[in-house]
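Student: Mind looking at a prediction? Sequence and model below.
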Amino acid sequence: MFKRTLFTIIISAALGLQAHAQQTQSSCSQTLREAQLTYERGRIDLVPDQLASCLRSGFNKEEKIAAYKLLVNTYLYFNESDKAVEAMTSFLSLNPEYEIDVVADPSEFINLYNSFRTTPVYLLGGKAGSNITAVNVSRNFSLDDSSEKRGKYNYIPGFNVGLALEVPINKKVSIAPELYFSQKKYQYRDLILGFADVNFEETQTLVELPVFVKYNIGNFGKDKNITPFVNLGGSVSYLLSSEADVVRKDAVSGENQREVSGPSIDLADQRNSIIYAAAVGAGAKLKNIIGRGYLIVDFRYSYGLNNVVNPDNRTANTTLVYDYLYVDNDFSMNNYSFTIGYLIPKYKPKLLSKKLKK
């Protein structure tokens, strides 16, 4: 009996609180409409007192936005600059992506808005995608004739995943550092000494730090939700590991073949641990696709600037040299990547023109 009574009391209290909240919401919605009418009728001095109670508690987010905008115009009308700045700060904190309506918004409101920082302080998120690596040979080495270009390099898809940060300098230009965990792969095929068909596949695992200057071209689309951009910058990568899977097939007689294979071979000592690259790219930011953030589609090309091979250890791995007849060429690695990401903007409205506060 006691439990049933307690349950009934709790349910009744909850329903009462809900009804009170709905009543308060309805009352404050009416208050906002009345304040707007008061402003339109010219009794502007009454508006702040009308809105005060519901701004403390009662308005939903959209109503708060409308109320603070009304307050901005009210304080501007009476030349109360400090209060107008305070109201605009609250307005932009709730609605940081507000776009000026040159027809409906008063010129004083537009001037005050333009004196505020309305770009994000930064955008932070993640990216993931795939890449392919093109090997750029600068000098040939081989147990066979190395005076001519040897073998053939083929693409093998890799992947990259990581964090992305964008710091706007202004509405057009931003600095965009990123941090990736990536894998890059390629295949090398060569016929050595006329009988040994060598298949060499390398997988490199790296931590990459690309840094770009990003230029936003403009806003396009029906609702201006598409922002194409171009990137220019470079990257430094640290090699975590490098392994090769190698198979050698010898033509013995007729169709008979002898195969040499084994476990993956560690190439870390034969590779330089730091790799540099210059990079360019292009893509687009898509707004209002998922939540309040930006969906990013990005394509870029990286040009390797230094030799990946450590020349002092070129022939140090005797298994590669004697079992597989393989010797590294000097080469750099160019890379094509395609990524999709999501960035969430962080806004902090701030008055930039101090003159308006006087």
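Tutor: Thanks, I have it. Numbering: from 1, shown residues only.

Student: What is the neighbour count of Glu99?
Tutor: Glu99 has 10 neighbouring residues, counting by other CB atoms under 10 Å. The C-beta positions use only the backbone N, C-alpha and C, and glycine is treated the same way.

Student: Centre of the chain to stretch 232-250, how far?
Tutor: When distances are taken as CA atoms, centre = their mean, to the nearest Å, stretch 232-250 is centred 25 Å away from the chain's centroid.

Student: mean confidence score for it?
Tutor: Across stretch 232-250, pLDDT averages out at 96.

Student: quick one, phi psi at Asn272?
Tutor: Dihedral angles of Asn272 (phi, psi; degrees, to the nearest 10) stand at phi -70, psi 140.

Student: Would you confirm that it contacts Gly304?
Tutor: No - contact criterion CB atoms under 8 Å: Asn272 and Gly304 do not qualify, at 10.8 Å.

Student: Which one's more surrounded, those two?
Tutor: For Asn272 versus Gly304, neighbours defined as other CB under 10 Å are more numerous around Gly304 (22 against 14).

Student: which residues does that one contact?
Tutor: Going by CB atoms under 8 Å, 6 or more residues apart in numbering, Gly304 touches Asn136, Ile275, Tyr276, Ala277, Ser332, Met333, Asn334, Asn335.

Student: Not counting sequence-adjacent ones, nearest residue to it?
Tutor: Ser332 (3.2 Å; CB to CB, 6 or more residues apart in numbering).

Student: What residues are bridge-paired with that neighbour?
Tutor: Applying DSSP bridges to Ser332 gives these bridge partners: Asn136.

Student: Can you report how many residues neighbour it?
Tutor: 19.

Student: One more: Leu143?
Tutor: With other CB under 10 Å as criterion, Leu143 counts 15.

Student: Also Leu92?
Tutor: For Leu92, the neighbour count with other CB under 10 Å is 23.

Student: residue ranges for the helices of the stretch 201-350 of the chain, please.
Tutor: Here the stretch 201-350 of the chain has its helices, by DSSP state H, counting those that start in this stretch, at 318.

Student: Can you pull out the low-pLDDT segments for it?
Tutor: Within the stretch 201-350 of the chain, the set of residues satisfying pLDDT under 70 comprises 253-256.

Student: hmm, back to that, farthest-separated two in the contacts of Gly304?
Tutor: Across the contacts of Gly304, the two members that end up farthest from each other (CB to CB) are Asn136 and Tyr276, 13.5 Å apart.

Student: Could you export the contacts of Gly304 as JSON lines, including distance to Val308?
Tutor: Listed next are the contacts of Gly304 as JSON lines, based on distance: CB to CB, whole Å:
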{"residue": "Asn136", "distance to Val308": "10"}
{"residue": "Ile275", "distance to Val308": "6"}
{"residue": "Tyr276", "distance to Val308": "11"}
{"residue": "Ala277", "distance to Val308": "11"}
{"residue": "Ser332", "distance to Val308": "6"}
{"residue": "Met333", "distance to Val308": "6"}
{"residue": "Asn334", "distance to Val308": "11"}
{"residue": "Asn335", "distance to Val308": "12"}
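
Student: Buried ones among these?
Tutor: For the contacts of Gly304, a burial check counting by 16 or more other CB atoms under 10 Å picks out Ile275, Ala277, Ser332, Met333, Asn334, Asn335.

Student: can you map out the helices along the stretch 1-150 of the chain?
Tutor: For the stretch 1-150 of the chain, applying DSSP H, counting those that start in this stretch gives helices covering 2-40, 47-56, 61-77, 81-94, 107-114.

Student: related to what we said a few turns ago, nearest to Met88, of the contacts of Gly304?
Tutor: Ala277 (44.5 Å).

Student: nearest residue to that closest one other than its sequence neighbours?
Tutor: Ser302 (4.2 Å).

Student: That neighbour: neighbour count?
Tutor: Using other CB under 10 Å, Ser302 has 26 neighbouring residues.

Student: Please list all residues in contact with it.
Tutor: Residues in contact with Ser302 (CB under 8 Å, 6+ apart) are Pro210, Ser235, Ala277, Ala278, Ala279, Asn334, Asn335, Tyr336, Ser337.
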